[in-house]
Structure formats: C-alpha cells, structure tokens
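Q: Sequence first, predicted coordinates after that:
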Amino acid sequence: MDADFSIELGADDPVLDFPWTDSSGNLAYFDLKRHPDLIARVEEAEKFPELAEFLRTVNSARSLVESAKCDAWTTAELSAEEEVFDAPCKFASYVDLVLTDENRVLADENRVTKSNRRLDFPAHENFAKRLIELLRRAPEMAASVEVCVRRCFFGQGENDGRENDERNSEPLAGFYFTLYVNGYGNDEATARKMWSIGLKLTENGIMQLSAKGPTFFG
C-alpha cells in the first residue's frame with residue numbers, strides 16, 4: 001500500500017475551525033467522541049458502513065484522536081501519480097482528525113504551566129510519521145493513504161488549557177490531520193473493496209499508536 005504524509009502550513013493550505021459550523025445549515029459537526037450515538041446522524045457513515053466502523057473506533061475512549069469532518073465518494077478523475085495503480089476507478093475518502101486533548105501540567109523549576117497537545121506541532125508530526133511507518137508495512141495493494149498535518153483554530157469553549165476567564169476569547173492556533181484513504185479498481189465495487197481494506201489498516205494503525213497512551217507524546 002502506498003502511504004505518505006505531508007506538512008501543509010502555507011497561507012493557501014486548508015485550515016480547520018474546531019468545532020466548525022455551517023452557515024448554510026446543510027451540514028453539522030457532531031461530537032462523536034462524547035456522544036457516539038450521534039453517528040446515526042452522519043450521512044456519510046449511514047451510506048458507507050465501513051466509514052461508520054472507522055468513526056466508531058477512532059472516536060472510542062481508547063483512541064488518541066477524534067473526528068471533525070468526513071466524506072467519501074467515487075471518481076474517475078485520477079492524478080498522474082495515481083496512474084501507477086493502472087485502474088480507471090477510485091473510491092476515495094477523507095476524515096479530519098484532532099488529537100483528544102488531555103492538558104498536562106508541566107513543572108519547570110519554580111514555574112507551572114499547562115500544555116495542550118493540540119498546539120504541539122512535533123506531536124502531530126511524530127504521530128503522522130509513526131502512522132505512515134506502520135502502514136508501509138502492509139502488503140502491496142491497490143490502495144493509498146496520505147496523512148496531512150494542517151493548521152487548526154480551536155475556538156470557544158474548548159478545553160484548551162487557558163484559565164476560565166481567558167476562554168471564549170480568541171481561538172488558539174494548533175494543528176489537525178486530514179486523512180485521505182483511496183482504493184483503486186476496474187470498477188466501483190473493486191475500488192471500494194480496496195478502499196475498505198486501506199481504511200481498516202489505517203484504523204488499526206491509529207489504535208496501535210493509541211495503545212501507547214499519553215506517554216506516546218512524552
């Protein structure tokens with residue numbers, strides 16, 4: 001399986017507001033980490049059971065991450081890099097993930113400060129690298145995974161490590177992951193099967209890293 005990660009922190013790269021809102025009212029953010037029953041209201045999860053299973057697992061109490069957005073679709077538009085799979089059809093998905101924050105109190109001589117791993121770039125880079133290392137051990141197959149580290153603005157009411165009187169002010173600039181999983185085949189059914197395998201392997205990789213617990217971040 002082809003697997004890679006990228007750092008996308010440029011001015012023109014995508015960013016995420018978390019939690020996000022949709023002014024049109026057609027979409028909604030659901031806190032699946034704390035309210036797993038809301039997965040029934042995620043249209044993409046209802047349509048694709050494989051994605052629903054992935055969301056349930058990565059939002060479980062055992063996971064170091066939680067989901068923010070997702071989508072899945074079929075397309076015949078492939079990039080030049082994807083020609084290596086020699087297939088006319090791609091089943092694709094993305095899931096935006098943020099680290100589930102557990103604020104840490106750090107003692108530095110006589111100072112005590114709070115640390116939020118959502119704002120920690122090395123933690124995100126390390127997580128992405130380690131996940132890709134695990135996925136590259138998978139057998140060769142017509143599937144690909146890309147993990148992108150991007151900027152995220154954590155907004156009002158988030159447990160961000162600030163004192164109570166500092167909350168509901170300016171969002172804090174941190175980071176998030178966009179996880180792309182693609183499957184390729186001569187038809188939609190085959191491409192979706194390859195995608196589902198790639199998605200399951202990615203899910204297993206995330207949970208393998210999560211099993212290390214908070215010590216993963218030092």
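A: That came in fine, so what should we check first? Numbers count the residues shown, from 1 in each chain.

Q: quick one: the strands in the chain?
A: Secondary structure of the chain by DSSP state E: the strands cover 2-8, 15-18, 65-75, 89-99, 104-108, 111-115, 143-154, 172-185.

Q: Of all these, which one is nearest residue 207?
A: Of all the strands of the chain, strand 65-75 sits nearest to residue 207, with 9.9 Å by C-beta to C-beta. Quick note: C-beta positions are derived from backbone N, CA and C, even for glycine.

Q: per-residue confidence averaged over that closest one?
A: The average of the pLDDT scores along strand 65-75 is 97.

Q: Give me the angle between that strand and strand 143-154.
A: For strand 65-75 against strand 143-154, the angle between stretch directions is 130 degrees (axes from the mean of the first three to the mean of the last three C-alpha atoms, to 10 degrees).

Q: What are the buried residues along strand 65-75?
A: Within strand 65-75, the residues scored as buried using 16 or more other C-beta atoms under 10 Å are 65-70, 72.

Q: any idea of the mean pLDDT in the lengthiest helix in the chain?
A: Ranked by residue count, the top helix of the chain under DSSP state H comes out as helix 188-210. The predicted model assigns helix 188-210 a mean pLDDT of 98.

Q: Check which residues of that helix are buried.
A: Within helix 188-210, the residues that qualify as buried are 190-199, 201-203, 205-207, 209-210, counting by 16+ other C-beta under 10 Å.

Q: same thing with stretch 127-137?
A: 127-128, 130-132, 134-135.

Q: swap in stretch 134-152?
A: If you call a residue buried by 16+ other C-beta under 10 Å, then stretch 134-152 has these buried ones: 134-135, 138, 141-152.
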